[in-house]
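**Q** The following comprises the amino acid sequence and a computationally predicted model.
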Amino acid sequence: MEAIGSNRIGPSGTEAKTKYIFITGGVVSSLGKGISAASLGLLLKKRGLSVNIMKLDPYLNVDPGTMNPFQHGEVYVLDDGSETDLDLGHYERFLNQSMTKNNNVTAGQIYHTIITHERHGDYLGATVQVIPHVTEEIKNSIKRLETINGKVDVIICEIGGTVGDIESLPFLEAIRQMALESGEHDTMFIHLTMVPYIDTAGEVKTKPTQHSVKALREIGIQPHMLLCRTAKNLEEPIRKKIGLFCSMSSRHVIEAIDASTIYEVPLNLEQQGFSDLVMERLQIDAPPADTADWEEFVSRIKNPSNRIKIAICGKYVHLKDAYKSIIEAFIHAGAENSARVDLVWVSSEDIKHGGAAKFLGDVDGLLIPGGFGERGVEGKIESIRYVRENKMPFLGICLGMQCAVIEYARDVCGLEDAHSYEFYRDLKHPVIHLMADQEKITDLGGTMRLGAYPAVVDPDSTTYRAYGATEISERHRHRYEFNNAYREMLTEAGLKLVGMSPDGKLVEIIEVPDHPWFVGVQFHPELKSRPTQAHPLFREFVAAAVRYKKHKTDPAPAPSSPKTVG
Ligand code: GLN
């Protein structure tokens, strides 16, 4: 990860102590605790402080890798290969800082460690209990950030779940203990709640917030500040009322109003003196937050000069959280192209043979995201054929690239039954298959090719023109690979293999010739896109879609070839 370290000097000229901010949530889930934590991280960094941030997840899975995207949303993969919660994506994007496995700890991991120690006899005959053993292990996992990832000025720690959940109790108890064991101004509790607007009463209601803070107090935590998620502005009398019931001044009752883009959240909070109040509580002396570049980024999102449509054809299109990072990557790429990208969600199962035009006739580009399982694969292949033949920009990610290889093998090489070994075992033409050393693996958790791997890019390619570099590193999460037995046949038929692993064994990137923009990648570029640094492939894919649309509406000039970047 990028070098981080303490930027502050303590009172006696020694390195200052790390301060801790704990963020809890109440009333309901999905209020945006991750975005709030990430916004605070951004603001503190913009004040010149060094920051690290983590999420404690109270569920018993060791990691979300085996969880259904329907329940959990996207699995966010880090450089080190750990499969984490999608909030880690917000952390990386807002803080512009890469995370490691230490930034996401689950109850499953905590219990796994404890039970392993118990089986080794490490507790010397003691009865192993939630207090102190589980709470100690939780505290260690928080403090470990300091020792492993480097000392920083502030560590922000988000507690997953909602106050009142049985499973989050040990976590809340652990942070209560941490505050008790630290100096008065070394820790801070921020609680995110909801202040609903009741239409029939014509007013906002503070009771859920009062109850949620009451639940926190019952376990010994008095929050120092409230972030109140609301659809309406919170007037001073309401803030006063909330403050009175929750034992804090109305200044500490911050309005977290619904925003048109999540990237506006830190700016909205900061307008109310959010980070000043944090500095006050933690007794840190730091200059005001310089958010100029962020403001410029938000203004680009809100004032686009172009508008394009990109179709996303996948299996979980009804659950947008499953494609969180892709959605964000399009926002970053749109901002850099002054374009608003409207995403058109197409369920791949709806596309039947010959029927892609109905769904794609009106869009300016197609993205096929990663995925697992055979459902909807034929629709994806069909849609790829359509965009290849109609010269519409295409970006295939992971399974999307694999489908593009299958489509090319079938339609251009005439291998009619080409398919992936993931779906059928007795295939005549498994153009996507399992690497020999993976065949033995039967366990499902963490058995994929995961995390950052380097690739070498052909300088004569659309991909190179995007990156402006021949050596790249990207994050992976897959089991199956391009089958090298078909390399010759497919390349002779025109398919370009423009990105390879450094040893030349694995195909990482494919392109189709005589096409304005057709790129398939075995990795997940969306995981490395950052707000003010859009991912090169997303940036150039959006640029190609803008060109495609211009050509469609004004076909006189030929579509210009992609510009050279880098
Ligand atoms: N299911 C495919 C594989 O395991 C692709 C995975 C993905 O798209 N993330 O290789």
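**A** Perfect, thanks for sending it.
**Q** ok, and what's touching the strand or helix carrying Ser36?
**A** In this assignment (DSSP states H and E), Ser36 forms part of helix 33-46. Outside helix 33-46, the residues within contact range by CB atoms under 8 Å, 6 or more residues apart in numbering are 21, 23-25, 51, 53, 55, 85-87, 90-91, 93-97, 153-154, 156, 158, 160, 190, 192, 227, 256, 262, 265-266, 269-270, 274-275, 278, 286, 289-291, 294. For every residue, glycine as well, the C-beta is placed using N, CA and C.
**Q** Among these, which lie within strands?
**A** Within these, residues falling in strands by DSSP state E are 21, 23-25, 51, 53, 55, 154, 156, 158, 190, 192, 227, 256.
**Q** Quickly name whichever of those residues is closest to Asp321.
**A** Taking CB to CB as the measure, Asp321 sits nearest to Lys55 out of the ones in strands among the contacts of helix 33-46, at 15.2 Å.
**Q** how many neighbours does the residue nearest to that closest one when sequence neighbours are not counted have?
**A** Among residues not flanking Lys55 along the chain, Glu158 sits closest, at 4.7 Å (CB to CB, 6 or more residues apart in numbering). Glu158 has 28 neighbouring residues, counting by other CB atoms under 10 Å.
**Q** Give me the pLDDT value at Glu158.
**A** Per-residue confidence at Glu158 stands at 97 (pLDDT).
**Q** so what's it bridging to?
**A** In this entry, Glu158 is beta-bridged to Ile23, Lys55, by DSSP bridges.
**Q** just to revisit the earlier point, make JSON lines out of the ones in strands among the contacts of helix 33-46 and add distance to the ligand.
**A** Below are those laid out as JSON lines (distance: CB to the nearest ligand atom, whole Å):
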{"residue": "Ile21", "distance to the ligand": "34"}
{"residue": "Ile23", "distance to the ligand": "30"}
{"residue": "Thr24", "distance to the ligand": "33"}
{"residue": "Gly25", "distance to the ligand": "30"}
{"residue": "Val51", "distance to the ligand": "30"}
{"residue": "Ile53", "distance to the ligand": "26"}
{"residue": "Lys55", "distance to the ligand": "22"}
{"residue": "Val154", "distance to the ligand": "34"}
{"residue": "Ile156", "distance to the ligand": "29"}
{"residue": "Glu158", "distance to the ligand": "26"}
{"residue": "Ile190", "distance to the ligand": "35"}
{"residue": "Leu192", "distance to the ligand": "32"}
{"residue": "Leu227", "distance to the ligand": "34"}
{"residue": "Ala256", "distance to the ligand": "33"}
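**Q** ok, so of the residues you listed, who is nearest Ala466?
**A** Ile53 (29.8 Å).
**Q** Spatially nearest residue to Pro513, not counting backbone neighbours?
**A** In space, Pro513 is closest to Gly494, 4.8 Å off (CB to CB, 6+ apart).
**Q** thinking again about what came up before, from the contacts of helix 33-46, list the buried ones, please.
**A** By neighbour count, with 16 or more other CB atoms under 10 Å, the contacts of helix 33-46 hold 21, 23-25, 51, 53, 55, 85-87, 90-91, 93-95, 97, 153-154, 156, 158, 160, 190, 192, 227, 256, 262, 265-266, 269-270, 274-275, 278, 286, 289, 291, 294 as buried.
**Q** Describe which strands the strand or helix carrying Ala452 pairs with in its sheet and in which direction.
**A** Using DSSP H and E, Ala452 falls within strand 449-457. Strand 449-457 pairs in its sheet with strand 471-478 (antiparallel), strand 496-500 (antiparallel), by DSSP bridges.
**Q** from those, which stretch is densest packed?
**A** With neighbours taken as mean count of other CB atoms under 10 Å, the strands paired with strand 449-457 reach their highest mean count in strand 496-500, at a mean of 21.
**Q** Give me the mean pLDDT for that one.
**A** 98.
**Q** what does stretch 240-247 give?
**A** The pLDDT scores in stretch 240-247 average 96.
**Q** again with stretch 74-94
**A** 94.
**Q** does that stretch come close to the ligand?
**A** No. For stretch 74-94, no contact with the ligand is found by CB under 6 Å from any ligand atom; the gap never falls below 9.0 Å.
**Q** so what's Lys19 bridging to?
**A** Bridge pairing for Lys19 - DSSP bridges - gives Val154.
**Q** That one: what's it in contact with?
**A** Neighbour list for Lys19: 153-155, 185-188, 282, 284 [criterion: CB under 8 Å, 6+ apart].
**Q** near the ligand, which residues of the protein?
**A** So the chain meets the ligand at 370-372, 398-399, 422, 477-480 (CB under 6 Å from any ligand atom).
**Q** Now the buried members of the residues you listed.
**A** Burial by neighbour count, 16+ other CB under 10 Å: within the residues of the chain next to the ligand this picks out 370-371, 398-399, 422, 477-478, 480.
**Q** Tell me which two of those sit farthest apart.
**A** Glu422 and Arg477 (13.6 Å).
**Q** related to what we said a few turns ago, give me the number of residues near the residue nearest to Pro513?
**A** Neighbour count for Gly494, taken as other CB under 10 Å: 14.
**Q** my guess is it contacts Val412, does it?
**A** Yes. Gly494 is in contact with Val412 according to CB atoms under 8 Å; the separation is 6.6 Å.
**Q** List the residues that are in contact with both of the two.
**A** Here Gly494 and Val412 have no joint contacts, going by CB under 8 Å, 6+ apart.
**Q** dump the residue contacts of the nearest residue to Glu173 once chain neighbours are set aside.
**A** Excluding the flanking residues, the one nearest Glu173 by CB to CB, 6+ apart is Thr135, at 5.4 Å. Going by CB under 8 Å, 6+ apart, Thr135 touches 170, 173-174, 177.
**Q** What about those, which one has the most neighbours?
**A** Most surrounded of the contacts of Thr135: other CB under 10 Å gives Ala174, at 26 neighbours.
**Q** Which of the helices or strands spans that residue?
**A** Taking DSSP H and E as the definition, one finds Ala174 inside helix 169-181.
**Q** Quick one: residues contacting Thr230.
**A** Thr230 sits next to 194-197, 204, 255-258 when contact means CB under 8 Å, 6+ apart.
**Q** Now the buried members of the residues you listed.
**A** 194-196, 204, 255-257.
**Q** how about the residues you listed in CSV, adding pLDDT?
**A** Listed next are those as CSV, based on pLDDT from 0 to 100:
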residue, pLDDT
Met194, 94
Val195, 94
Pro196, 93
Val204, 90
Glu255, 96
Ala256, 95
Ile257, 94
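**Q** Let me know the closest of these to Glu181.
**A** Distance to Glu181 across these (CB to CB) is lowest for Ala256, with 29.8 Å.
**Q** picking up where we left off before, switch the residues of the chain next to the ligand over to TSV; also include pLDDT, distance to Lys232 and secondary structure.
**A** Compiled in TSV, the residues of the chain next to the ligand are given as follows (pLDDT from 0 to 100; distance: CB to CB, whole Å; DSSP: H, G, I helix; E, B strand; the rest coil):
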residue	pLDDT	distance to Lys232	secondary structure
Gly370	94	39	coil
Gly371	91	40	coil
Phe372	90	42	coil
Cys398	97	42	coil
Leu399	96	43	helix
Glu422	92	49	coil
Arg477	94	41	strand
His478	95	45	strand
Arg479	93	49	coil
Tyr480	95	50	strand
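**Q** Much appreciated, bye for now.
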